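Sequence first, then the predicted structure, then my questions.
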Amino acid sequence: MKRVARGRGGTAIKRSRAGSRRGKWSARRGAFGPGRKGRMRRRKPRVSVRAANETAQRDVSGYDEGYRAGLYDGGERLLEAVLPADRIVPDISVAEVLAAGIPHVLTRSIRLLGPEELCDELEAALAAGRPYSVVRLGDGELLTLAQDTLKPAAEIARESPFLSYAGVDAPDGAARDALAAAIRRATVVGVPLSRKPNYQPLLFEGLRRNGVPPESLRLTSSMINYALHESGQLMRLAAGKRIVIVGNSAEALARALRGAGLEIVHTVVPVDGIADYASAVERAAAVPFDLALVSAGVAAVPICVWLAERTGKAAFDFGHMADRLGGTAVPAGE
């Protein structure tokens, strides 16, 4: 049934009941016209600037609160625990207590070789034709040693995905054992000064549990590659020597060092993780050289040690200095 309505000027307008219902329904939903086509889309509620600022302030406040709690738990609370119950010490900080106690702690310390001393030893070894290997332990090497000795290997694989970039796919017990065997025989081992969780807290117990007494090692800083280069000692040491470069950044580094007047006799590329270390040693030893610069992740440690012992030459774990000098990209977080 159709109704006839009169518009302006007496014009007849036909409208069905269904159309009328659609119009009323649309009006109730907030549309400006009849039917679905006239219905407005609901907009997402906007977050006001004030609300956003309040959320940001809460986040900052929560961070500050956590920071203060951590600072207390890691400092003042420890001091409270060791002070006698019947004494308080006015106007003293945790830093003062640490400084006062350091002389007593140093009786248990291990001295690290400095850049000048290490450079002198390297020069003497090169002149005498003695094998000399300098390796460095960072978080990649220490996590490799920690597999199923300090931490479950599956946990390390889950929490440290960067380890694959360094050449170890955890779990890899063979990599752990090869690394420990090389560390035992290295001439000098660079170790981290950082006490962050994946550095010194893993270092000493990780070595012991892999059969490497820390007291048996001659140690330097794991940043010795940067120290020697930035002081100019490494370039002076390399001048006039036949140099082999090992690692995936070898070609770029070779171009940079040739541009600096050094003699590069051989490059070894690629090195496919720690499982490839024996092949890399074979390829590097194929050409006579005096000094090897090795940038191959965790594999650099066994490469340096076995290459030096096989050839009677010097091998230096160059690390990301190869990327810096060669102008290649270093992964984020490295």
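It's in.

okay, how far is it across stretch 188-204, tip to tip?
Criterion Cα to Cα, to the nearest Å; first-to-last residue distance in stretch 188-204 is 16 Å.

Need the contact partners of that stretch.
Residues from elsewhere that reach stretch 188-204 (Cβ atoms under 8 Å, 6 or more residues apart in numbering): 112-113, 118, 121, 132-139, 142-143, 145-146, 150, 160, 183, 214, 217-225, 317. For every residue, glycine as well, the C-beta is placed using N, CA and C.

Just the ones of those residues in helices?
Leu118, Glu121, Asp139, Leu142, Leu143, Leu145, Ala146, Ile183, Ile224, Asn225 (DSSP state H).

what about Leu325, helix or strand, and which?
Taking DSSP states H and E as the criterion, Leu325 maps to helix 321-326.

got it, and Ala292?
Counting by DSSP H and E, Ala292 is found in strand 291-294.

the strands in the stretch 101-250 of the chain, which residues?
With strands called from DSSP state E, counting those that start in this stretch, the stretch 101-250 of the chain shows them at 112-113, 132-136, 188-191, 219-221, 242-246.

of all the ones in helices among the contacts of stretch 188-204, which comes closest to Asp64?
Among these, Asp139 lies closest to Asp64 (Cβ to Cβ), at 28.3 Å.

List the contacts of that closest one.
Ser160, Pro192, Asn198, Tyr199, Leu202.

Tell me which two of those residues sit farthest apart.
Farthest pair in those, by Cβ to Cβ: Ser160 and Pro192, 15.2 Å.

phi, psi of Glu282?
Reported as degrees, to the nearest 10, the phi and psi values for Glu282 are phi -60, psi -50.

Does anything pack onto the strand holding Ala292? Which helices or strands?
Contacts defined by 3 or more Cβ pairs under 8 Å, 6 or more residues apart in numbering; DSSP states H and E place strand 291-294 against strand 242-246, helix 300-311, strand 314-317.

Could you single out the most deeply buried of those?
When the helices and strands packed on strand 291-294 are scored by mean count of other Cβ atoms under 10 Å, the highest mean neighbour count falls to strand 314-317 (a mean of 29).

Might you list the low-confidence residue ranges for the stretch 51-200 of the chain?
51-56, 58 (pLDDT under 70).

Nearest spatial neighbour of Gly138, chain-adjacent residues omitted?
Ser222 (5.7 Å; Cβ to Cβ, 6 or more residues apart in numbering).

where does the residue lying closest to Asp177 once chain neighbours are set aside land on pLDDT?
Residue nearest to Asp177 in three dimensions, not counting chain neighbours: Asn210, with 7.7 Å by Cβ to Cβ, 6+ apart. Note on Asn210: pLDDT of 98.

Please report phi then psi for Asn210.
Residue torsions, per degrees, to the nearest 10, at Asn210 are phi -110, psi 20.

residues contacting it?
Leu145, Thr149, Arg176, Asp177, Leu179, Ala180, Ile183.

Can you say which two of those are spatially most distant?
Checked with Cβ to Cβ, the contacts of Asn210 reach their widest spread between Thr149 and Ile183, with 13.5 Å between them.
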